[in-house]
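Asker: Have a look; sequence and predicted model below, questions after that.
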Amino acid sequence: GAGAGGRAGWSLEGDMQLCEALNEWSKLLAVAHHTANLPFRDLHAMLAAPAGDDADKDVPPARLGGRALAMTQDVKRVSRSKRALTGATADELLARAAVLLTLNSRASRALPLLCLALPEEEWEKERAGPSMICPVSLAGLPGFEGGGGAAAAAADDPAPNGANGGLSWQPLCTARRLRSSRRLLLTSTKRAFWDSLLTTTTTPTALHHDEYEDPREVRTIKINRVKATPQRLAAARNTSERLKSSVFGQLHREMRTWSSAAFRRAYLGKGHGGQRRAFKVKFLGEGVNDYGGPYRAVFEQVTDELQADQLALSSAAGPSGGGAAEEKAGGDAGSAAAAGADANGDAAGGSLGTRCLLPLLVPGPNRNGQVGSNQDKFVLAPGPASYPTQELTHFLGKLVGMSVRHGLQMGLDLPSLVWRPLVGQSLMVPHLEAVDTLASRNLHRVANAGLVREGRA
């Protein structure tokens, strides 16, 4: 119903924006991981505090609780930044916040019992394996303003059935409704569910009888970083040699036969500084012991190799085209993928800044053209994906998942164009523009030209 002063009742968008505000208030008040522990008494005093220079005069410091006085303006700024919350009083905001906290409390207990997969995703798996198709909305282009438009863009949902010329049947299900309302779930609720999934799916590791010895399941991988320096990799004769010498390639050779359960191991050894791991690292020619630092260094170097585009790669070809054919015949997936890159011309030259050391990622179009935003982003290498290339990409995904389990951050600068399909979210024109401004402009020109022709007809 209407609030004080005749304010309209709460809408779904208002609830979603209030959840966003709750997430931000939790960070300000240092309870980001436990939003339910928000100090409502202090929060009410800050929201009800007069604006301007009189804020400190009329609000008793004891009521705010020490440090809260300095946060008053930040808390009020958050509420003012949410358009749907305009005009709501402190009482209305916190009363509705209590309802949303109760919803999240119940959702946290229900999430482990719900299937989050859509029916069509299950059909695709049964028919032909996991679907690689991501729903795309044309909202934002001239002539495509209908069928969801701004509302769909705001909710990050694809257009409804039949909108934008698409014909599909989407059966009603709990998973679809939950996805459409995901912004009602607080970050702490999602994080708690995510952590519980990681804990549940972690592969158990039997401890050694000597607490200072590592279990036999935790294998030691030998890595030669001397031959994997950026300068040596750039000087390699072809992509195949470059991949074999890289830390990423060495890891792939050692771990390609591992079961999925081995990647989900998170062993925490005594004296390892709290670093969870699935394997130990031995750097050849370096007198270091792996108590956590070398393990983290491996993931950091893999990230650097994948996104290294500032070195001019060698265009020298070895005998018979750099030996790509022989290496491909050897059955190594990395060599075969590199041979495919050589066949496409990726390893036979290439200007500075247009390619990376390894063939999985390439600089984004905006980075290449030095135009638009997000010039620090990389995208997956275009072109037909051969089986070896898919295997290497799959292996990269396993490394990313392993780093998440072990509290490591791989600084992969990938745009939303890559991440959104991975979590089942639709792609729209602004996501393309964020990484390829020129392509987006051309798309708009084509759409405008079509409208002009339709008008003349």
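Answerer: Alright, I've got the coordinates.
Asker: What about residue 406, how many residues nearby?
Answerer: The number of residues packed near residue 406 is 19, by other Cβ atoms under 10 Å. No exception for glycine: its C-beta is placed from N, CA and C like everyone else's.
Asker: Equivalent analysis for the one 5 residues further on, please.
Answerer: Residue 411 sits with 9 neighbouring residues when counted by other Cβ under 10 Å.
Asker: need the helices for the stretch 201-350 of the chain, in chain order.
Answerer: Under the criterion DSSP state H, counting those that start in this stretch, helices of the stretch 201-350 of the chain are mapped to 230-234, 239-245, 247-255, 260-263, 293-306, 319-322, 324-329, 333-343.
Asker: and the fifth one, how far from the chain's centre?
Answerer: When you say that, I think you mean helix 293-306. 18 Å (Cα atoms, centre = their mean, to the nearest Å).
Asker: I would like the residues contacting that helix, please.
Answerer: The contact list for helix 293-306 (Cβ atoms under 8 Å, 6 or more residues apart in numbering) reads 223, 225, 228, 230, 233, 246-248, 251, 275, 277, 279-283, 288, 356-358, 360-361, 378, 396, 399, 403, 406, 408, 410-412.
Asker: In it, which of the residues would be classed as buried?
Answerer: For helix 293-306, the neighbour count (16 or more other Cβ atoms under 10 Å) marks 294-299, 301-303, 305-306 as buried.
Asker: and what of stretch 204-214?
Answerer: Those would be 205, 214, for stretch 204-214 by 16+ other Cβ under 10 Å.
Asker: now do the same end-to-end measure for that stretch.
Answerer: From its first residue to its last, stretch 204-214 covers 14 Å (Cα to Cα, to the nearest Å).
Asker: Ok, stretch 206-216 next?
Answerer: End-to-end span of stretch 206-216 (Cα to Cα): 9 Å.
Asker: got the contact list for that stretch?
Answerer: With contact meaning Cβ under 8 Å, 6+ apart, stretch 206-216 is reached by 205, 217, 267, 269-271, 280.
Asker: let's see 6 Å
Answerer: With contacts defined as Cβ atoms under 6 Å, 6 or more residues apart in numbering, stretch 206-216 is touched by 205, 269-270.
Asker: Tell me the one of these nearest residue 423?
Answerer: Comparing the contacts of stretch 206-216 against residue 423 with Cβ to Cβ places residue 205 closest, at 29.1 Å.
Asker: Surely that closest one and residue 269 touch.
Answerer: No. Using Cβ atoms under 6 Å, residue 205 is not in contact with residue 269; the gap is 9.6 Å.
Asker: Helices along the stretch 51-200 of the chain, start to end?
Answerer: Using DSSP H, counting those that start in this stretch, helices in the stretch 51-200 of the chain cover 55-58, 61-64, 68-80, 90-110, 119-128, 149-155, 174-180, 187-201.
Asker: out of those, nearest to residue 42?
Answerer: helix 68-80 (4.8 Å).
Asker: For the closest one, list the C-alpha coordinates in PDB.
Answerer: What follows is helix 68-80, C-alpha atoms only, in PDB (Å, rounded to 0.1, in the frame of the first residue of the first chain):
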ATOM      1  CA  ALA A  68      28.500   5.700  12.500                       C
ATOM      2  CA  LEU A  69      28.500   9.500  12.400                       C
ATOM      3  CA  ALA A  70      31.200   9.400   9.700                       C
ATOM      4  CA  MET A  71      29.200   7.000   7.600                       C
ATOM      5  CA  THR A  72      25.800   8.800   7.700                       C
ATOM      6  CA  GLN A  73      26.400  10.600   4.400                       C
ATOM      7  CA  ASP A  74      27.600   7.500   2.700                       C
ATOM      8  CA  VAL A  75      24.500   5.500   3.800                       C
ATOM      9  CA  LYS A  76      22.200   8.300   2.700                       C
ATOM     10  CA  ARG A  77      24.100   8.600  -0.600                       C
ATOM     11  CA  VAL A  78      23.400   4.900  -1.300                       C
ATOM     12  CA  SER A  79      19.600   5.300  -0.800                       C
ATOM     13  CA  ARG A  80      19.500   8.500  -2.900                       C
END
